[in-house]
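Colleague: I would like to see how this sequence folds:
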Amino acid sequence: MAAVIGASAQAATDLSMWYHGAGSTTEKALLNSIIDDFNASQSDYRVVIEEFPQESYNDSVSAAALAGNLPDIIDVDGPILPNWAWAGYLAPLNLPEAKLSRILPGAIGRWNGEVYAVGLWDAACAIFARRSMLKELGIRRPTLQRPWTRDEFNGVLKKIKDSGKYEYAFDPGMAWTGEWYPYAFGPMLQSAGGDLFDPAANKADGVINNDAALEFGAWWQSLFVNGYAPGTSQDGADRETGFLDGRYALQLNGNWAGVTALDALGDDLVFLPAVDFGNGPKIGAASWQFAVAATSDHKDGARAFIEFAIQDQYMAQFSDGIGLIPPTAEAAAMSEKYRPGGPLEVFFELSEAQATLRAVTPGYVVAAKEFEKAMADISNGADVADALDAAADAIDADVANNGGYR
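Modeller: Just a heads-up that it's a prediction; the model follows:
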């Protein structure tokens, strides 16, 4: 009679995962390395990834949700998270608070008092400048503790323009459309005392078009009336090279562009904090994060993978690979660029001190598009009050059409 060798081992349960980064070989290699480590670390689960182009990713998730075919693990962009949580796509993450307390707020996706997602990185903006330009024109270098005020910034722009040395004093990035507008310009409005939306009142009217917002809109329009900044007709190539070539004196840009600028300008490059428009300097926060689908039959396994992925070593690896901000001090210290004394260290400090979430509402998608339209129209000469009132009306109509997103 044949001997019984033993019961066969139970096969690992597959966890499906969707990711937005198809086409990025670096991101793919980094994420697959984490997945391989997780799969090798235990025998209960096996993560299987499917990648999508970023341009079609959100539509793919929405279509899958309607069809009841969501994966176990979902990649979600921070400002979109409230909509997906409200729509029932996501389950609360239920990770231990000790795992989250050391992570930068911008890398944690919260909605309605619950944590739904956490990311391996964040992103931050700064004003790029040359030390030599600041010194030559006698311009004070702002600091986190003492940023430029709006009036001081106006004086800086005028001094640069009057020097006659630059095509434009300031490049806010008008050639970039879509999410750049609420991410980069929305915090300026928040700093001035307005916002895209008031979650407490559940409306935009009275906040995107309040007195502070009207004053900010008039200032925004003055950038283009005075010839300080290129407008919406800016060519994409000029956006990429105008500052590096010395045609733009100052440029609003993100940490993802920092390495290229450092390679071009070396020690002459400085990263300056955001302008204080009256209510403290603010920059955008929240990038891509990992969440668990509400329909998953394997939520414990999906959470286990996310908890595994947010180790400092993986955050540091992603930072070194794609240049984004590691969201813990420990991961930053392990990274090549954000460690103390590293070339991009200031961006971690900026994110820690100035990062502000975009309008936390399920109606963010509509609010962002209406804000973009208003800002573009104002830069092209539209009446400020009319443009902001129209944005408020459209945003609030969307809220009403969706039952208040309750």
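Colleague: isn't there a helix covering V48?
Modeller: No - applying DSSP: H, G, I helix; E, B strand; the rest coil, one finds V48 to be strand, outside a helix.
Colleague: Please name the nearest non-neighbouring residue to it.
Modeller: D14 (5.2 Å; CB to CB, 6 or more residues apart in numbering). Placement of C-beta: from N, CA and C, glycine included.
Colleague: how many other residues sit next to the one you found?
Modeller: Residues lying near D14 (other CB atoms under 10 Å) number 13.
Colleague: what's the answer for A200, then?
Modeller: Neighbour count of A200, defined by other CB under 10 Å: 7.
Colleague: repeat for the one 4 residues further on
Modeller: Burial measure for A204: 32 neighbouring residues, criterion other CB under 10 Å.
Colleague: Please list all residues in contact with F153.
Modeller: Each residue near F153 by CB atoms under 8 Å, 6 or more residues apart in numbering is listed here: V275.
Colleague: Now do the SS call for it.
Modeller: Under three-state DSSP, F153 falls in the helix class.
Colleague: Quick check: the gap between it and V225.
Modeller: In this view, F153 and V225 are 16 Å apart by CB to CB, to the nearest Å.
Colleague: repeat for I325
Modeller: 35 Å.
Colleague: So for these two, which sits in the more crowded spot?
Modeller: The residue with more neighbours, out of I325 and V225, is I325; 31 against 11, by other CB under 10 Å.
Colleague: What residues are bridge-paired with that one?
Modeller: D122 (DSSP bridges).
Colleague: just checking, it touches F347?
Modeller: Yes - applying CB atoms under 8 Å, one finds I325 in contact with F347, separated by 5.6 Å.
Colleague: what's the overlap in contacts for these two?
Modeller: Contacts common to I325 and F347, judged by CB under 8 Å, 6+ apart, are A124, N255, Y338.
Colleague: and these as TSV, adding pLDDT and neighbour count?
Modeller: Listed next are the shared contacts of I325 and F347 as TSV, based on pLDDT from 0 to 100; neighbours: other CB atoms under 10 Å:
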residue	pLDDT	neighbour count
A124	94	30
N255	93	25
Y338	95	28
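Colleague: Show me which of those is closest to L66.
Modeller: Nearest to L66 among those, counting by CB to CB, is A124 at 34.9 Å.
Colleague: List the contacts of the closest residue to the closest one other than its chain neighbours.
Modeller: Taking CB to CB, 6+ apart, and ignoring the residues beside it in sequence, A124 has S351 as its nearest neighbour in space, at 4.1 Å. Counting by CB under 8 Å, 6+ apart, S351 touches L104, G106, D122, A123, A124, I283, A285, I325.
Colleague: how would you label S351: helix, strand or coil?
Modeller: Relying on three-state DSSP, one would call S351 helix.
Colleague: What of D245?
Modeller: Per three-state DSSP, D245 ends up coil.
Colleague: Going forward, the N-terminal residue is numbered 19.
Modeller: Sure, I'll start numbering at 19, so the last one becomes D263.
Colleague: count of neighbours near it?
Modeller: Using other CB under 10 Å, D263 has 11 other residues around it.
Colleague: Torsion angles phi and psi at it?
Modeller: Backbone torsions of D263, given as degrees, to the nearest 10, read phi -80, psi -10.
Colleague: quick one on the thing from earlier: ok, so of the shared contacts of I343 and F365, who is nearest G339?
Modeller: Looking across the shared contacts of I343 and F365 and measuring by CB to CB, the closest to G339 is Y356, at 12.7 Å.
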